[in-house]
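Student: I would like to see how this sequence folds:
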Amino acid sequence: MIRVPQVRVLDAEGNQLGVMATRDALEAAENAGLDLVEVSANAAPPVCRMMDYGKYKYQTSKKAKDAKKKQTVVQIKEMKLRAKTEEHDYQFKLRNTKRFLDEGCKVKVTLVFKGREITHTDLGVAMLKRIVEELKDCAVIEAHPRLEGRTMTMLVAPLVKKDEKKEEKKEEAKQAAE
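Tutor: Model (predicted):
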């Protein structure tokens, strides 16, 4: 509900119709089969526009839905290891890490030190370096190994190839042109 005595009116194409009484502006909008919508309340006098408000709401909801579809949610999977993890278990966890990276998830590699193992952090660093070396063809390190209390963590993200980046940019350009 517009409660001011006079408003500046714009028609459906954006052309100015001038300053007029609110009652006259409402009549003009009704005669055109449109709604009178207040666009800028802070201006003096307030600016109103003639538009089909239902159609406007529909278009904004469609734009919001499309923007939500284009969003990508990156999941972070966690891979827990110990400094004394045996070779078979290590290979099993490495295979799972590669699978997660192929799916597009980031992987947080956590190495936990228990008891007196904390005195041998060099073993943990060596294991994380080994992981980095084996994943260098399919992953990039986002956060380098960091010791926090009794846990050493590292964040690994999937490697995006140059061809994929170019294809993504082309698709975005096509959608923006439409």
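Student: so what's Thr153 bridging to?
Tutor: Beta-bridge pairing of Thr153 under DSSP bridges involves Thr110, Arg146.
Student: test my guess that it contacts Ala143.
Tutor: Yes - using CB atoms under 8 Å, Thr153 is in contact with Ala143, at 7.3 Å. All C-beta spots, glycine's among them, are computed from the backbone N, C-alpha and C.
Student: between these two, which is the more surrounded one?
Tutor: Counting neighbours by other CB atoms under 10 Å for Thr153 and for Ala143 shows that Thr153 has the greater number, 17 against 13.
Student: so who does that one touch?
Tutor: 108-111, 143, 145-146 (CB atoms under 8 Å, 6 or more residues apart in numbering).
Student: tell me which two of these sit farthest apart.
Tutor: Of all pairs drawn from those, the greatest distance, 13.4 Å, lies between Leu111 and Ala143 (CB to CB).
Student: reformat the contacts of Thr153 as JSON lines; add distance to Met51 and pLDDT.
Tutor: Formatted as JSON lines, these follow (distance: CB to CB, whole Å; pLDDT from 0 to 100):
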{"residue": "Lys108", "distance to Met51": "49", "pLDDT": "96"}
{"residue": "Val109", "distance to Met51": "54", "pLDDT": "95"}
{"residue": "Thr110", "distance to Met51": "55", "pLDDT": "96"}
{"residue": "Leu111", "distance to Met51": "60", "pLDDT": "95"}
{"residue": "Ala143", "distance to Met51": "49", "pLDDT": "91"}
{"residue": "Pro145", "distance to Met51": "57", "pLDDT": "92"}
{"residue": "Arg146", "distance to Met51": "54", "pLDDT": "93"}
